[in-house]
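Undergrad: quick one, what's the 3D model for this:
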Amino acid sequence: MSQKICKSIFFTAIIVLFTIIAAADTWAARDGQIGATSTAYTQVTLSIPPRIQINNIQDINLGLYQDQGDLNGNTNLCIYTNGVDGYKVNVSNTEGAGSDFQIFNQSQIHKTASLPMEVSWSNRSGQTESKRLKQNTAVKFDKMAKSDCGAQDYNANLSVNVKDEHLRAAPSGIYSTHLAVMVEPL
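TA: Reported below is the predicted structural model:
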């Protein structure tokens, strides 16, 4: 290798080394010098993780069964976020176990009676384009939640349905269940 090429490589390496040192020094804390005044430098950083919240959810009352037809109901709600591009929703019964959603008879006589219940989610208010959910199974939605949820702001919908054939065969009583709705940023 010629002496000229070696000098060129050496000077390039020194320039790269000083550039790396200067760049590292730019972002590092630096003490001040002793004197009549002294100025020191520090960098301040913080991180804000993705945050998400459910607002404006209401209880769902399916009403009184009148011996025909499914019973269904829904609630509009708002999913608030601090800027993530999508979310997962996971709904589960807080009572009972298993893979299907259930609504339970609350009377003392038929405490073990339950009915299968369909649960659906839409990432729009109203029941448009809803996806049927499975208990404890997260479903992704790419459309974003709102960055602000006011008192009447809605951008999602939770709906439930109990089929007529199950209602016809059920013992009398008041049925209820609690659904846990969990959302998580993507």
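
Undergrad: from here on, contacts and neighbour counts on C-alpha atoms
TA: Fine.

Undergrad: host element of Lys88?
TA: strand 87-93 (DSSP states H and E).

Undergrad: how many residues are close by the closest residue to Ser38 other than its chain neighbours?
TA: Nearest residue to Ser38, sequence neighbours excluded (C-alpha to C-alpha, 6 or more residues apart in numbering): Gly32, at 5.0 Å. Counted with other C-alpha atoms under 10 Å, residues neighbouring Gly32 total 11.

Undergrad: Gly32 contacts Ala40, doesn't it?
TA: Yes. The pair Gly32 and Ala40 qualifies as a contact (C-alpha atoms under 8 Å) at a distance of 4.3 Å.

Undergrad: report all helices and strands that the longest strand seen in the chain contacts.
TA: Determined from DSSP state E, the single longest strand within the chain is strand 71-81. With contacts defined as 3 or more C-alpha pairs under 8 Å, 6 or more residues apart in numbering; DSSP states H and E, strand 71-81 has these neighbours: strand 52-55, strand 156-162.

Undergrad: now it, how far from the centre of its chain.
TA: Taking the mean of its C-alpha atoms, strand 71-81 sits 14 Å from the chain's own mean (C-alpha atoms, centre = their mean, to the nearest Å).

Undergrad: now swap in stretch 79-98 and tell me
TA: Distance of stretch 79-98 from its chain centroid, counting by C-alpha atoms, centre = their mean, is 5 Å.

Undergrad: how about residues contacting it?
TA: By C-alpha atoms under 8 Å, 6 or more residues apart in numbering, the list of residues contacting stretch 79-98 from outside reads 50-55, 101-102, 133-149, 154-156, 177-186.

Undergrad: let's see which of the residues you listed end up in strands.
TA: When DSSP E defines the strands, the subset of the contacts of stretch 79-98 inside them is 52-55, 102, 139-141, 156, 179-185.

Undergrad: show me which of those has the smallest pLDDT value.
TA: Lowest in pLDDT among the ones in strands among the contacts of stretch 79-98 is Phe141, which has 86.

Undergrad: columns distance to Tyr87 and mean neighbour count on top of the helices and strands packed on strand 71-81, output as a markdown table?
TA: As requested, the helices and strands packed on strand 71-81 are exported to a markdown table (distance: least, C-alpha to C-alpha, whole Å; neighbours: other C-alpha atoms under 10 Å):
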| stretch | distance to Tyr87 | mean neighbour count |
| --- | --- | --- |
| strand 52-55 | 9 | 18 |
| strand 156-162 | 12 | 21 |
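
Undergrad: save these as a markdown table, and put in distance to Glu95 too.
TA: Formatted as a markdown table, the helices and strands packed on strand 71-81 follow (distance: least, C-alpha to C-alpha, whole Å):
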| stretch | distance to Glu95 |
| --- | --- |
| strand 52-55 | 21 |
| strand 156-162 | 16 |
